[in-house]
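K.L.:
Make a model of this:
(one chain, ligands or ions: 1)
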Amino acid sequence: MRLSKLFTKTARENPRGEISVNAQLLERGGFIYKNSAGVYTFLPLGWRVINKIANIIREEMNKIGGVEMLMPALVEKKYLDATKRWDVEIGFEVRGKGEKKAGFVLGWTHEEVLTEIASKFISSYKDLPFAAYQIQTKFRNEPRAKSGLLRGREFIMKDLYSFHASEEDFWRYYEEVKKAYLKIFHRCGLEAIYTVAAGGTFTGSNTHEFQVPAAIGEDTIFVCEKCGYAENLEISRFKAGDACPKCGGEMVEKKAIEVGNIFPLGTKYSKAFGLQFVNERGKKEYVIMGSYGIGLGRLMGAVVEVSHDENGIIWPESLAPFKVHLIELDDKKGEADNIYERLLHNGVEVLFDDRQGKTAGEKFADADLIGCPIRLVISERTLREKSVETKSRREKEVKLLPLTKVLDLLK
Ligand SMILES: [Zn+2]
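P.N.:
Residues are numbered from 1 along each chain as shown. Model prediction:
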């Protein structure tokens with residue numbers, strides 16, 4: 001992409017009223033635009049990052065047998081009436097013009113919708129297990145919409161739902177999803193902590209969260225320094241310094257951002273929608289379910305919170321909008337253009353700062369702010385050496401590399 005064609009612009013100053021680092025850097029870098037409190041546009045650069053996250057999630061969900069689909073954002077009242085969730089106050093009700101009452105809600109979750117669909121297709125133990133997911137915009141009437149992408153009223157989520165014939169099979173799959181989640185976060189450059197949290201709908205079961213330690217986090221967790229066992233403060237009887245019940249190590253208190261969660265649902269939804277199957281002995285039973293969420297925007301915000309410096313974002317290569325940020329300075333011969341075309345031709349994702357009338361300082365500052373992993377500079381000086389200057393976003397030093405070696409570096 002040529003920067004001269006990108007209609008958004010970077011900003012030097014932090015946007016007014018934004019106190020979180022992710023909102024400041026993502027808005028300044030031209031990744032997101034704040035339309036309303038908790039409502040953001042993903043601008044071209046930001047949308048590229050979201051798509052990278054989405055593709056990592058897809059790959060890992062598909063590996064554990066998840067099938068992708070898309071459910072409606074408009075959820076009719078009858079669905080939520082069936083589980084007495086219509087009156088839950090986190091939704092946005094939708095009322096058509098001229099109608100007195102809201103007949104729909106903007107979906108904030110889809111257990112009901114998918115369970116009803118499944119009830120039309122599932123009848124035998126042979127139809128189970130299965131798991132389906134979607135990546136979709138969800139809505140939540142969030143009075144405390146703040147912290148940039150960490151807490152929104154409209155947000156992109158991956159929600160996976162699984163359906164099983166036995167508890168045993170359910171817990172086997174729950175463990176598989178846990179592993180897939182840890183892999184997703186790792187691939188996105190985050191080391192998430194698997195944390196025990198409150199209230200599943202199985203009697204006595206907990207739910208689990210994936211928490212990324214960060215000062216801005218709204219959750220407080222206790223983590224064992226030694227074995228990594230963790231509990232959310234809301235259910236925990238620990239205090240800092242207590243001994244870990246698993247290994248005797250020290251429990252440490254941390255602020256953290258929840259980037260994902262997984263829930264055992266038991267038969268709550270299958271009972272509400274009559275989702276039954278005939279087991280091997282010819283007896284009818286209710287399907288056992290689980291649901292599993294990841295907020296894509298929140299994940300993006302969490303990455304910025306833990307990976308930045310005073311100059312801007314430091315994207316992991318897996319999520320960077322582009323691998324290479326190519327800058328040309330007084331390049332009268334058009335050599336940078338040639339390099340740009342060559343990189344494109346070889347499938348390298350490159351952002352080309354071809355803007356005229358910008359100083360070297362301005363271009364370097366934008367490269368640091370946007371945060372692509374590799375910066376390449378082509379100038380009259382480097383061309384005299386038949387070279388290009390390279391710098392990693394994580395390091396200070398620059399190196400000269402012969403023009404002929406550029407492709408080798410990027411492979
Ligand atoms: Zn421990």
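
K.L.:
Next, find the distance separating the most centrally placed residue in the chain from residue 154.
P.N.:
Per CA atoms, centre = their mean, the C-alpha nearest to the average position across the chain is that of residue 296, at 2.5 Å. Separation of residue 296 from residue 154 (CB to CB, to the nearest Å) stands at 12 Å. No exception for glycine: its C-beta is placed from N, CA and C like everyone else's.

K.L.:
quick one: the strands in the stretch 201-350 of the chain?
P.N.:
Shown for the stretch 201-350 of the chain, the strands assigned by DSSP state E, counting those that start in this stretch span residues 207-213, 219-224, 230-232, 251-266, 276-278, 284-286, 288-295, 308-309, 312-313, 324-329, 350-353.

K.L.:
Who are the contact partners of residue 103?
P.N.:
With contact taken as CB atoms under 8 Å, 6 or more residues apart in numbering, residue 103 is in contact with 76-77, 94-96.

K.L.:
and what of residue 164?
P.N.:
128-129, 170, 173, 287-290.

K.L.:
so what's the residue of the stretch 251-400 of the chain found nearest the ion bridging to?
P.N.:
Closest to the ion within the stretch 251-400 of the chain is residue 251: 7.8 Å, counting by CB to the ion. Beta-bridge partners of residue 251, counted by DSSP bridges, are residue 224.

K.L.:
Low-confidence stretches in the protein?
P.N.:
The chain contains residues with pLDDT under 70 at 200-204.

K.L.:
near the ion, which residues of it?
P.N.:
Proximity of the chain to the ion (CB under 5 Å from the ion) is limited to residues 224, 226-227, 229, 244, 246-247, 249.

K.L.:
Of these - the most surrounded one?
P.N.:
Within the residues of the chain next to the ion, residue 224 tops the neighbour count with 22 neighbours, counted by other CB atoms under 10 Å.

K.L.:
OK, contacts around that residue?
P.N.:
Applying CB under 8 Å, 6+ apart to residue 224 gives the contacts 230, 244, 246-247, 249-252.

K.L.:
swap in residue 294?
P.N.:
Counting by CB under 8 Å, 6+ apart, the residues that residue 294 touches are 57, 157-158, 181, 184, 259-260.

K.L.:
Residue 303 too?
P.N.:
Contacts of residue 303 by CB under 8 Å, 6+ apart are 188-190, 315-316, 319.

K.L.:
returning to what we had before: among the contacts of residue 103, which are located in helices?
P.N.:
Of these, the ones assigned to helices by DSSP state H are residue 77.

K.L.:
about what we covered before: of the contacts of residue 224, just say which sits nearest to residue 163.
P.N.:
residue 230 (28.5 Å; CB to CB).

K.L.:
Pairing partners for the closest one in the sheet, please.
P.N.:
Here residue 230, judged by DSSP bridges, has bridge partners residue 195, residue 223.

K.L.:
Make sure it is actually in contact with residue 196.
P.N.:
Yes - in this structure, residue 230 is within contact of residue 196 by CB atoms under 8 Å, at 6.9 Å.

K.L.:
Tell me which of these two has more neighbours.
P.N.:
Remark: of residue 230 and residue 196, residue 230 carries more neighbours, 26 against 16, as counted by other CB under 10 Å.

K.L.:
Could you tell me how far residue 172 is located from residue 290?
P.N.:
Residue 172 is 11 Å from residue 290, by CB to CB.

K.L.:
returning to what we had before: just put the contacts of residue 303 in JSON lines and tack on distance to residue 342 and neighbour count.
P.N.:
Shown next, in JSON lines, are those (distance: CB to CB, whole Å; neighbours: other CB atoms under 10 Å):
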{"residue": "188", "distance to residue 342": "29", "neighbour count": "25"}
{"residue": "189", "distance to residue 342": "28", "neighbour count": "18"}
{"residue": "190", "distance to residue 342": "33", "neighbour count": "25"}
{"residue": "315", "distance to residue 342": "23", "neighbour count": "25"}
{"residue": "316", "distance to residue 342": "25", "neighbour count": "16"}
{"residue": "319", "distance to residue 342": "25", "neighbour count": "25"}
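
K.L.:
Just the closest of the residues you listed to residue 361, please.
P.N.:
Closest to residue 361 out of those is residue 315 (21.8 Å), distances taken as CB to CB.

K.L.:
Spatially nearest residue to that closest one (excluding sequence neighbours)?
P.N.:
Of all residues not flanking residue 315 in the chain, residue 371 sits nearest, at 4.8 Å (CB to CB, 6 or more residues apart in numbering).
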